[in-house]
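Undergrad: generate coordinates for the sequence data below:
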Amino acid sequence: MSQERRRKFLSGIAENILLPYEASTIYEEEIAGEFQNRFEREFFEDFATNVHGDKIVLDLACGDGRHTSGLAERAKHVVALDLSTNMLRMAKRKCSAETNIDFVRGSMFDLPFRENVFDQIWFSQAFEYVPPDKRKEFLSDLKASLEGNGFLYMSVESWMYPGFFESLKEFLGDLELHFYWRFVKGKPLLWGEFMYYLAGDVRERCRGWHYHVHTDRWTLQGLLSSCNFEILRQRLYDGYIYVLCAPKNTKARRKLERANTG
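TA: Purely as a prediction, here's the structure:
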């Protein structure tokens, strides 16, 4: 595939991703709850253990503020960034009682922050919008924004499940969609990328196709390592990889261990 075709495709993808979020009128919390499952809650508690005192936290791709308020209750200050005007409006409404949140409209691919400004970064359910050929640059930018002994949390959508047959079914479904959109519809997709037609409640508000990219545990581990991140905790559950990591050094690991044993 040519670089120009790929560039134009990614430009269109950026607009496509926003459509269902700009049309949303229902808070994610009303559908899935504040936490999607007990493991997401556990990782939030691990992450939030160090969100105290003078900590500054970035809630990256904050959406409608599902976790923003909880972070603000513990941190000195939270910066909530999202590209969707509608999501930010909903998040501001939800977090109206909190006075220590700055809401910023911006792209997660072009962070408007100086280096080493955040003590911790919370990045929930948005890595599926990072194209495979943009991942290293994206993670490197996150590392640059993070204070040297800070923490990064990510929940990463995957075709992998704890069970083999469930993983195989999801993998084959991704493969079918990838081949259809690449070879039948002629989209310049890389491996892991696919499109699907919006369905269910979302379809009533916004019709059309939607972009996603899935990854696996081994690829994610390699990406984080190549960007000089150390994985502190990791869990695979229900099509998501939950991971807590930090810039490679022993101080961050000791800090987390003390917080959980103190």
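Undergrad: hey, where'd the strands end up in the stretch 51-200 of the chain?
TA: With DSSP state E, counting those that start in this stretch, the ranges of strands along the stretch 51-200 of the chain come out as 56-60, 77-82, 101-105, 118-124, 146-157, 193-197.
Undergrad: got those as a markdown table, with mean pLDDT columns?
TA: Formatted as a markdown table, the strands of the stretch 51-200 of the chain follow (pLDDT from 0 to 100):
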| stretch | mean pLDDT |
| --- | --- |
| strand 56-60 | 97 |
| strand 77-82 | 97 |
| strand 101-105 | 97 |
| strand 118-124 | 96 |
| strand 146-157 | 92 |
| strand 193-197 | 93 |
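Undergrad: what's the lengthiest helix in the chain packed up against?
TA: As assigned by DSSP state H, the longest helix anywhere in the chain is helix 3-23. Under the contact definition 3 or more Cβ pairs under 8 Å, 6 or more residues apart in numbering; DSSP states H and E, helix 3-23 sits against helix 85-94, helix 200-205, strand 209-213. Glycine gets a C-beta too; all of them are placed from N, C-alpha and C.
Undergrad: tell me the angle of the longest one relative to strand 77-82?
TA: Taking axes from the mean of the first three to the mean of the last three Cα atoms, to 10 degrees, one finds that helix 85-94 is oriented at 150 degrees with respect to strand 77-82.
Undergrad: which secondary structure elements does helix 85-94 contact?
TA: With contacts defined as 3+ Cβ pairs under 8 Å, 6+ apart, the secondary structure elements packing on helix 85-94 are helix 3-23, helix 68-72, strand 77-82, strand 101-105.
Undergrad: please save the CA atoms from the first one in PDB.
TA: The C-alpha trace of helix 3-23 is given here as PDB (Å, rounded to 0.1, in the frame of the first residue of the first chain):
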ATOM      1  CA  GLN A   3       2.000   5.900   2.000                       C
ATOM      2  CA  GLU A   4      -0.300   8.500   0.500                       C
ATOM      3  CA  ARG A   5      -3.300   6.100   0.500                       C
ATOM      4  CA  ARG A   6      -2.500   5.200   4.100                       C
ATOM      5  CA  ARG A   7      -2.200   8.900   5.100                       C
ATOM      6  CA  LYS A   8      -5.600   9.700   3.500                       C
ATOM      7  CA  PHE A   9      -7.200   6.700   5.100                       C
ATOM      8  CA  LEU A  10      -6.000   7.600   8.600                       C
ATOM      9  CA  SER A  11      -7.200  11.200   8.100                       C
ATOM     10  CA  GLY A  12     -10.700   9.900   7.400                       C
ATOM     11  CA  ILE A  13     -10.500   7.500  10.300                       C
ATOM     12  CA  ALA A  14      -9.900  10.300  12.700                       C
ATOM     13  CA  GLU A  15     -13.300  11.800  11.600                       C
ATOM     14  CA  ASN A  16     -15.000   8.500  11.600                       C
ATOM     15  CA  ILE A  17     -14.000   7.600  15.200                       C
ATOM     16  CA  LEU A  18     -15.700  10.800  16.500                       C
ATOM     17  CA  LEU A  19     -19.100  10.200  15.000                       C
ATOM     18  CA  PRO A  20     -20.800   8.000  17.600                       C
ATOM     19  CA  TYR A  21     -19.300  10.000  20.500                       C
ATOM     20  CA  GLU A  22     -20.600  13.300  19.100                       C
ATOM     21  CA  ALA A  23     -24.000  11.700  18.800                       C
END
